[in-house]
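*Asks:* just coords:
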């Protein structure tokens, strides 16, 4: 069985996320998604999510091509997760190209193109959502 692992915040789940996750799953048999916790987003990524972790997790778990959702609590855990879950391929969007090449020591690293016309940031901007008026 070929195991794929990817990471992200997946706030306001949209078709760009779906495209990326489906293409990730197409690379193997079992897709593990590391979902950034609320604390990690706030403290390390300087991001505020619209939906809390548990809601984002439930949405991801409802996708037929996502096999397992795990919490992402820090940047350093990727290497540990790859070993723990015996991942064969690490997948991330190409806006991170080159930033995770050190993981090639543990598995194949693939940077997939994002869907260019959509992003959570664009949705939030179009809706006038920012850190001062997001739900707590």
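*Replies:* That came through, no problem. Given the structure is predicted, the values throughout are model-derived calculations rather than measurements.

*Asks:* Tell me the span between the first and last residue of stretch 40-49.
*Replies:* 11 Å (Cα to Cα, to the nearest Å).

*Asks:* Could I get the buried residue list for it?
*Replies:* 40, 41, 47, 48, 49 (16 or more other Cβ atoms under 10 Å). In this view, the C-beta of every residue, glycine as well, is placed from N, C-alpha and C.

*Asks:* which among these gets closest to residue 94?
*Replies:* residue 47 (19.5 Å; Cβ to Cβ).

*Asks:* residues contacting the closest one?
*Replies:* Shown in contact with residue 47 (Cβ atoms under 8 Å, 6 or more residues apart in numbering): 9, 11, 36, 41.

*Asks:* Same list as before, these that is, but in a markdown table and with pLDDT included.
*Replies:* Converted to a markdown table, the contacts of residue 47 look like this (pLDDT from 0 to 100):
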| residue | pLDDT |
| --- | --- |
| 9 | 94 |
| 11 | 92 |
| 36 | 97 |
| 41 | 94 |
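
*Asks:* looking at those, which has the most residues close by?
*Replies:* residue 11 (25 neighbours; other Cβ atoms under 10 Å).

*Asks:* That one: which element?
*Replies:* Following DSSP states H and E, one finds residue 11 outside all helices and strands.

*Asks:* what are the phi and psi angles of residue 110?
*Replies:* phi -120, psi 130 (degrees, to the nearest 10).
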